[in-house]
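>>> I'll drop the sequence and a predicted model, then ask my questions.
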Amino acid sequence: MAEFDFAAFGAWSVITAVVIVITGVVYISYRRKQNEASSS
C-alpha cells in the first residue's frame, strides 16, 4: 500500500506541475497578445 500511495502522490505531483506550467505559458502568451493588441 505504501508504494501505491507513493506512486499516486508522484503521479499527482507531475500532473499538477504540468497543469501549472501549461496555465502559466497560456497566461503569458495571452498577456503578450493583449499587450500587442492594445499597443498597436
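Structure received. Just so it is clear, the model here is predicted, and its values are computed rather than measured.

>>> can we go C-alpha only for contacts and neighbour counts from here?
Fine.

>>> can you check what pLDDT the model gives Ser40?
pLDDT recorded at Ser40 is 60.

>>> ok, Gln34 next?
89.

>>> residues near it, how many?
By other CA atoms under 10 Å, 11 other residues sit near Gln34.

>>> which SSE is it in?
Element membership for Gln34 (DSSP states H and E) is helix 2-39.

>>> how far is that helix from where the chain is centred?
0 Å (CA atoms, centre = their mean, to the nearest Å).

>>> check which helices and strands that helix is in contact with.
Using 3 or more CA pairs under 8 Å, 6 or more residues apart in numbering; DSSP states H and E as the contact test, no helix or strand touches helix 2-39.

>>> use 25 as the first number for this chain going forward.
Sure, I'll start numbering at 25, so the last one becomes helix 26-63.

>>> buried stuff in that helix?
Judged by neighbour count (16 or more other CA atoms under 10 Å), helix 26-63 contains no buried residues.

>>> gap between the residue most central in space within the chain and Arg56?
Against the mean C-alpha coordinate of the chain, by CA atoms, centre = their mean, the closest residue is Ile44 at 2.1 Å. Distance of Ile44 to Arg56, given as CA to CA, to the nearest Å: 18 Å.

>>> check Trp36 and give its pLDDT.
pLDDT, read off for Trp36, is 95.

>>> kindly report the same for the one 5 residues further on.
According to the model's per-residue confidence, Ala41 sits at a pLDDT of 98.

>>> ok, it - contacts?
Shown in contact with Ala41 (CA atoms under 8 Å, 6 or more residues apart in numbering): no residues.

>>> kindly report the same for the one 10 residues further on.
By CA under 8 Å, 6+ apart, no residues touch Tyr51.

>>> ok, now how distant is it from Val43?
Counting by CA to CA - Tyr51 and Val43 are separated by 12 Å.

>>> what's the answer for Ser53, then?
Taking CA to CA, one finds Ser53 at 15 Å from Val43.

>>> over to Val50?
Look at Val50 and Val43: by CA to CA, they are 11 Å apart.

>>> same check, this time on Phe28
Distance of Phe28 to Val43, given as CA to CA: 22 Å.

>>> re earlier: could you name every residue contacting both of Val50 and Val43?
Counting by CA under 8 Å, 6+ apart, Val50 and Val43 have no contacts in common.
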